[in-house]
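S.K.: please find the sequence and the predicted model below.
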Protein chains: 2
Amino acid sequence: MNSIELEMPGVPENSSRKGGRRPLPESIEGYGEVRAFEGAFAKVGVGAHAHRPRVSRSVRPGQSKLLASIDEALERADLADGKTLSFHHHLRNGDYVLNLVMEAVAKRGVKGLTLAVSSIFPVHEPLVALMDSGVVTGLATNYMSGPVAKAVSQGRLKTPAVMMTHGGRPRAIETGDLKIDIAFIAAPCADAYGNCNGLHGKSACGALGYAVADAQYADVVVAVTDDLVPYPASPAEITQTMVDYVVAVPSIGDPQGIVSGTTRITRDPVGLAIAHKAAQVIEASGLLVDGFSFQTGAGGTSLAVAAELKDMMKTAGIVGSFAAGGITGYLVDMLEEGLFRNLLDVQCFDLRAVQSYRDNPRHLPMDASMYANPFSKGTVVNQLDVMILGATEIDLDFNVNVTTGSDGTIMGGSGGHSDTAAGAKLAMVVTQLVKARLPIVRRHVTTITTPGETVDVLVTDHGIAVNPVRQDLAEALRAAGLEVVAIQDLLAMAESMTGIPDEMTFSDDIVAVVEYRDGTVIDVVRKTK
Amino acid sequence: MNSIELEMPGVPENSSRKGGRRPLPESIEGYGEVRAFEGAFAKVGVGAHAHRPRVSRSVRPGQSKLLASIDEALERADLADGKTLSFHHHLRNGDYVLNLVMEAVAKRGVKGLTLAVSSIFPVHEPLVALMDSGVVTGLATNYMSGPVAKAVSQGRLKTPAVMMTHGGRPRAIETGDLKIDIAFIAAPCADAYGNCNGLHGKSACGALGYAVADAQYADVVVAVTDDLVPYPASPAEITQTMVDYVVAVPSIGDPQGIVSGTTRITRDPVGLAIAHKAAQVIEASGLLVDGFSFQTGAGGTSLAVAAELKDMMKTAGIVGSFAAGGITGYLVDMLEEGLFRNLLDVQCFDLRAVQSYRDNPRHLPMDASMYANPFSKGTVVNQLDVMILGATEIDLDFNVNVTTGSDGTIMGGSGGHSDTAAGAKLAMVVTQLVKARLPIVRRHVTTITTPGETVDVLVTDHGIAVNPVRQDLAEALRAAGLEVVAIQDLLAMAESMTGIPDEMTFSDDIVAVVEYRDGTVIDVVRKTK
C-alpha cells in the first residue's frame, strides 16, 4: 500500500495498539540508540539523504588484482578485530563462499567481527561455532533460517542481530549506517580484473542485484570465482571499478542448492482456491489494465496467483509493463508470451530465469537499491501495482510477522516483504487461515515485520478482509460480488478451529532488532523463556 | 605507455626541459592553487581515494518526476548564482539540450555559473554571448572546438577554462574536485521515472558513458528527452535511482549532427602509407597475439590502421580480446567477424555502432570512469595493448599537443588522449610530418596535453621515431626490418621543408588551465598577443 494520499490507518476494534507501534527501549546494548518506527513514510523525502563517501585504492596499469588464495586477500584487505565483512545470498543454500572465507578468517585468529549477509541459509551452520568462539559477534541480515537463526534466537550471538529488509540494507550501506570493511562477491564468472557476472560458469545463479551496494561502498572488495575467464568477462554486472582483488577457487557453490531446477505451482486445492480468490481481488481492484505491474514470491500459492493472472490477462488482451523481484520461470513464460513488456530482476529463483536473464534483452537487471531502497531517488517497488505477500502471522491491525515462528524462534525475515508492501498500490497477503493447527490471524503478532498501514488486503481460504483504511477497495470488491469480512471475524473463525493460542513468555534479553526499511526499529525479538 | 616497469624518461638531446614539465605559477586567479604535474603515475595508487558523498532526494510511492518544462526543472533544482551545471556530449554537434537549458537559465537572470561540459562543439555558439554577459563565468571541458573555443582563447570567459581528460573528468566529479549542482542528461529515450538510454528514439546516439558520473554525483539530475516511453525504459544505462526530474521536449538534437552516417577510411595515399607502417610497428612490437586489445579514433588514418590490422589478424588467425573507445562501424565489423571477442563502448561514432550496441550482447557499455579514471580500481585503458593517437604537435620529448593550434588558439583538448596513452602498452602517434605547411614535430609544443613519458612511438610519412626510454621497442622494430630514426632527425626533416616556425608570443593572461588526468596542472594556455 502506498499511503501518500491516505490518512494514517485508524485503530480497528479489539486492537490494543496503533498499527506497527510497539513499546521499545530507548537504547539496546550492543545495538545502540533506538530510533523508533514512526510510520512507513515518515523518513522518506525528508531533505536529501547523503551517501557515505566511497573509497578506491587506485590501480596502475600492469598491476594485477589476481591473488593466490582467500588468505592472501584477507592479508591485503587488512582484516583485523572488529571489522565488518559482507556476503550476498545469490548462491542461497548452495553457497560455499561464506564458509570458505570464514574458515580462513578464523585461522587468522581475529575476533569480534560483524557479518553483513543479505540472507543466511542452513548451509551456513559453521557460523554457529564462530559465534560461540567470539570470532563473530555481530550479524546484520534480511532473512535467516536454519541453525544460525536458531542459535541467534537462543542468544548465542554476543550482540543482537540486526534484521533488515532488502531495501533497507542498501540504504544502510549507502548512508553509512552499515559500513562494510571487506565485501566478498561470490562470482559465478569473473575475469582477473574483477568484472563479474552470474550468467556463466558451473555455478551460474543469474542476477547479482543484492551484491551491488556492497561492491560499491565497501572499502575493499574481493571477488571469489570458480570460473575465471579471459578479460573482459561479459557482461559485467559488477564492474572492475568496484573490485580490488580476485581469487579463484575450485567451487563457489553446489549447483543443486543455488537455484531450483524448476519452481512449482501448488497442487493443494486449498492453495489453488486462495489463489483464485486473490486473482479475483486483483481484477476487482481495477488495477488489471494495460501497463499492469506485478510481483510475487516463488511459493506454490504465489505462483498459482501468477497462473490465474496469466489466464485473465490473455483473455482480456492486457499487456503489463513489468513483473519484478526474484524471478521464476512462470514470469519468464509471461514475458515470452507478451503479457509483460519487461522483467526487472534482482535474483533468479530457477534455471529458466537464469537462462532468460542471460538471453532476453527485455529481462533487465536491478540492484537492491533500485529495487527497494526507500531513500533512493525512486524504487521499482514504488512502481508496483500488485504485490502478493505471505505471512506467518497477521494481526487485527494487519501487521505481518514473517520474522519469527509463533514460538518466537527466528525462521525468516522481511527480505523484500516490507519494501514491496510499502511500494505497491495493492499489497495483498495470501495465506491459509490455519496452518499446522496454528491460527495465522492473531490478536497480536509475535514480531512485527511489516506494518499494517502498508498492507491492503488479506485473502484466506475462509474469507477476504480489507484494511479499514482502504474502504475504496472494500467497496470495489463488494461491487464485484466478492464477500468481504472483518479481520476480527477471521480471527474468531481461526480461534474457533484452534482455540486461543497460549501467550508466549519471553525473557528481557533482546536477541535481534527488527529494523524497518528506513532504519528505524519496528520491533525486537526476545529470547524465549 | 604504461611505465610501471620503466624508469622516468631521460631528457633527449636538444631538449630544453624534462618531459611534461612546464614552469607554472603557484596559483592562478579564478582557478586557485596549482598542483603541478609530477609524472604520469605520481598520484595513482597512493593510498585510497575518497569519493565525495552522493546525495539523493528520496522519492515516495506515487510521486511523479515528470515536469512540464526545463524552467520548472530549474526551479525545482534550486538554480542560483554561482552554481555548476553539467552536460555531456553524446549528441555532439547535433546537441540541442545545452542551448535549450541555457536559454531558460539566462531568462531566470542568474549569473556566475560554471558549466561542466564533457565536450563543446560549434553548435554551442550561443554560450559565447552568455560568457560575455556574465551568466557563464567558468567552464570545465575535455575538448572544445568552434566559437566557444575561440572566445575562451580570446579571454572572454571570466575565469580560466579548465581542460580535463575523459578520465580526469569522472575523477574530478567523484572526488569532489568538480562538484556538480545540477546535471542535465540528454536522453534519446527515457521513461517518466528517469530510466534513460541512448538506443531508441529519433535522436538515438548509442552509449551514454560520459553522462554516468554526472548522474551519479550531481546533487540534482534532470533528464531531458524527446522520446518519453512507458515504464520501464529498456535497457537503463542511466537508472531511475540517479534521476530527480524528467522533462520531455520536442527535440533534443539534430540526427545529422549526432552521429555520422558512416565513418570513412582515408583515401589519401600518404595517410594509407602511414597506416601501413603503423600496422607493421604493431606487428613488430610482439603485441599482436591472441587476446590483443586495441583502440583508435574515428579519423581517416586511424581507421586505416584498423583496416590493416584486420587483414593481419585474419591472416594470422588471431582473436583479440577487445577494442575500446568511441566505437565505429569498422570495429563492429571486426567484432562480427570474430576478430575481437568484445567491444567496450563509451560513445558511438556512427549509426552502425549504435545499431550494434543495441543488438549485440558482446558490444558492452563502459562509463567514463571505467574507461579512464586513473583513481578508480582499474580502468579499461590499463588493459589496452595498442592505442593509436593523433597529434597537432609533438616535441623532442614526445610531449603531444592536441589542445591548441600552433597559433595558440584552442581547437581541441585531450579527450581520451592522455588517458589511453598512459594506459596502453604501446601508445603510438600517427601523423604526417608536415600538415598545411606546418611542421608537426616541434622543438617545443605550444601546449602540453599528453606527457611524452606516456608516448612510445611516433609514426610519420618520413620515418618512425621511438621514445628513448623504449629501447626494447626500438630494437624489436629494427629486428623486424623497420627503420627507426631519432625524433631530432624528423624535426630536422620537417624544418627543412617548412623552415623554422616563428616563436609565438603570448600575453601573461591565462585563458585555460590544462589538467592532467590526475588533477595536476600540466600546462596553461595564454592569450595570444
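M.R.: Thanks, I have it.
S.K.: so what's the residue nearest the centre of chain A up against?
M.R.: Geometric centre of chain A, nearest residue: residue A:415, 1.6 Å, by C-alpha atoms, centre = their mean. Going by C-beta atoms under 8 Å, 6 or more residues apart in numbering or on different chains, residue A:415 touches A:119, A:142-143, A:165-166, A:402. Every C-beta, even on glycine, is put in place using the N, C-alpha and C of the backbone.
S.K.: mind redoing it with 10 Å?
M.R.: Listed by C-beta atoms under 10 Å, 6 or more residues apart in numbering or on different chains, the contact set of residue A:415 reads A:89, A:118-119, A:141-143, A:164-167, A:297, A:325-326, A:347, A:372, A:402, A:449.
S.K.: just the buried subset of those residues, written out for PyMOL, thanks.
M.R.: Remark: buried members of the contacts of residue A:415, expressed as a PyMOL selection using 16 or more other C-beta atoms under 10 Å in any protein chain shown:
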select buried, chain A and resi 89+118+119+141+142+143+164+165+166+167+297+325+326+347+372+402+449
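S.K.: for chain A, which spans come out with low pLDDT?
M.R.: Per-residue confidence for chain A (pLDDT under 70) gives these ranges: A:1-21.
S.K.: tell me who's in contact with residue A:317.
M.R.: A:290, A:339.
S.K.: what's the answer for residue A:333, then?
M.R.: Here residue A:333 is in contact with A:306-307, A:310, A:339, A:352, A:356 (C-beta under 10 Å, 6+ apart).
S.K.: what about dumping the CA coordinates of the helix or strand containing it to CSV?
M.R.: Residue A:333 belongs to helix A:329-336 when assigned by DSSP states H and E. Listed next in CSV are the C-alpha coordinates belonging to helix A:329-336 (Å, rounded to 0.1, in the frame of the first residue of the first chain):
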residue,chain,number,x,y,z
GLY,A,329,10.2,-19.5,-14.9
TYR,A,330,6.5,-18.6,-14.7
LEU,A,331,7.2,-14.9,-15.0
VAL,A,332,9.6,-15.7,-17.9
ASP,A,333,6.7,-17.5,-19.6
MET,A,334,4.6,-14.4,-19.2
LEU,A,335,7.3,-12.2,-20.6
GLU,A,336,7.8,-14.5,-23.6
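S.K.: report the buried residues of it.
M.R.: A:329-332, A:334-335.
S.K.: can you check stretch A:186-202 too?
M.R.: Per 16+ other C-beta under 10 Å, stretch A:186-202 contains these buried residues: A:186-201.
S.K.: do the same with stretch A:399-415
M.R.: Those would be A:399-406, A:408-415, for stretch A:399-415 by 16+ other C-beta under 10 Å.
S.K.: where do the strands of the stretch 401-529 of chain A begin and end?
M.R.: Remark: strands assigned in the stretch 401-529 of chain A by DSSP state E, counting those that start in this stretch are A:426-430, A:434-435, A:438-439, A:441-442, A:457-460, A:463-466, A:484-485, A:506-515, A:521-528.
S.K.: sorry, that was for the stretch 1-150 of chain A
M.R.: Using DSSP E, counting those that start in this stretch, strands in the stretch 1-150 of chain A cover A:27-28, A:32-33, A:48-50, A:55-57, A:66-67, A:84-87, A:113-117, A:136-141.
S.K.: CSV for those strands, including distance to chain B?
M.R.: Listed next are those as CSV, based on distance: least, C-beta to the nearest C-beta, whole Å:
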stretch, distance to chain B
strand A:27-28, 26
strand A:32-33, 22
strand A:48-50, 4
strand A:55-57, 4
strand A:66-67, 12
strand A:84-87, 17
strand A:113-117, 20
strand A:136-141, 21
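S.K.: right, and these - which one's nearest residue B:282?
M.R.: Nearest of these to residue B:282, taken as C-beta to C-beta: strand A:66-67 at 26.6 Å.
S.K.: ok, that closest one: who's next to it in the sheet?
M.R.: Applying DSSP bridges to the sheet, strand A:66-67 is found paired with strand A:245-248 (parallel).
S.K.: could you point out which element follows the strand it pairs with?
M.R.: Next along from strand A:245-248, by DSSP H and E: helix A:255-258.
S.K.: for that next one, which helices and strands make contact with it?
M.R.: helix A:351-359 (3 or more C-beta pairs under 10 Å, 6 or more residues apart in numbering or on different chains; DSSP states H and E).
S.K.: send me the helix it packs on as PDB with only the CA atoms.
M.R.: Only the C-alpha atoms of helix A:351-359 are listed here, as PDB (Å, rounded to 0.1, in the frame of the first residue of the first chain):
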ATOM      1  CA  LEU A 351      17.200 -22.200 -14.100                       C
ATOM      2  CA  ARG A 352      14.700 -20.900 -16.600                       C
ATOM      3  CA  ALA A 353      15.000 -17.500 -15.100                       C
ATOM      4  CA  VAL A 354      18.800 -17.700 -15.300                       C
ATOM      5  CA  GLN A 355      18.600 -18.600 -18.900                       C
ATOM      6  CA  SER A 356      16.200 -15.800 -19.800                       C
ATOM      7  CA  TYR A 357      18.200 -13.200 -17.900                       C
ATOM      8  CA  ARG A 358      21.200 -14.200 -20.000                       C
ATOM      9  CA  ASP A 359      19.500 -14.300 -23.300                       C
END
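S.K.: buried residues in that helix?
M.R.: Buried residues in helix A:351-359 (16+ other C-beta under 10 Å): A:351-358.
S.K.: out of the residues you listed, which comes closest to chain B?
M.R.: residue A:358 (8.7 Å; C-beta to the nearest C-beta).
S.K.: just give the closest residue to the closest one, not the sequence neighbours.
M.R.: Distance criterion C-beta to C-beta, 6 or more residues apart in numbering or on different chains; nearest residue to residue A:358, sequence neighbours excluded, is residue A:199 at 4.4 Å.
S.K.: same thing with residue A:216?
M.R.: residue A:242 is the one closest to residue A:216 (C-beta to C-beta, 6+ apart), at 5.9 Å.
S.K.: with residue A:367 instead?
M.R.: Nearest to residue A:367 is residue A:212, by C-beta to C-beta, 6+ apart, at 3.6 Å.
S.K.: the one you found sits in which helix or strand?
M.R.: helix A:212-217.
S.K.: mind checking how far that helix is from the chain centre?
M.R.: Distance of helix A:212-217 from the chain centroid (C-alpha atoms, centre = their mean, to the nearest Å) equals 17 Å.
S.K.: check which element follows it along the chain.
M.R.: That would be, after helix A:212-217 and using DSSP H and E, strand A:220-225.
S.K.: how about that next one: buried residues?
M.R.: A:220-225.
S.K.: among these, which two are most distant?
M.R.: A:220 and A:225 (16.6 Å).
S.K.: burial count for whatever residue of the stretch 51-200 of chain A ends up closest to chain B?
M.R.: Per C-beta to the nearest C-beta, residue A:61 is where the stretch 51-200 of chain A lies closest to chain B, at 3.2 Å. Neighbours of residue A:61 under the rule other C-beta atoms under 10 Å in any protein chain shown: 24.
S.K.: the inter-axis angle of the helix or strand hosting residue A:342 versus helix A:329-336?
M.R.: Per DSSP H and E, residue A:342 falls inside strand A:340-348. Compare the direction of strand A:340-348 with that of helix A:329-336 by axes from the mean of the first three to the mean of the last three C-alpha atoms, to 10 degrees and you get 150 degrees.
S.K.: reformat the buried residues of helix A:329-336 as TSV; add distance to chain B.
M.R.: Converted to TSV, the buried residues of helix A:329-336 look like this (distance: C-beta to the nearest C-beta, whole Å):
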residue	distance to chain B
A:329	20
A:330	20
A:331	15
A:332	16
A:334	16
A:335	11
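S.K.: walk me through the domains of chain A.
M.R.: By the assignment in automatic domain parsing, chain A contains the domains A:66-257, A:266-501+A:508-528.
S.K.: tell me which of those domains sits nearest to residue A:49.
M.R.: Comparing those under C-beta to C-beta, the one sitting nearest is domain A:266-501+A:508-528, at 4.3 Å.
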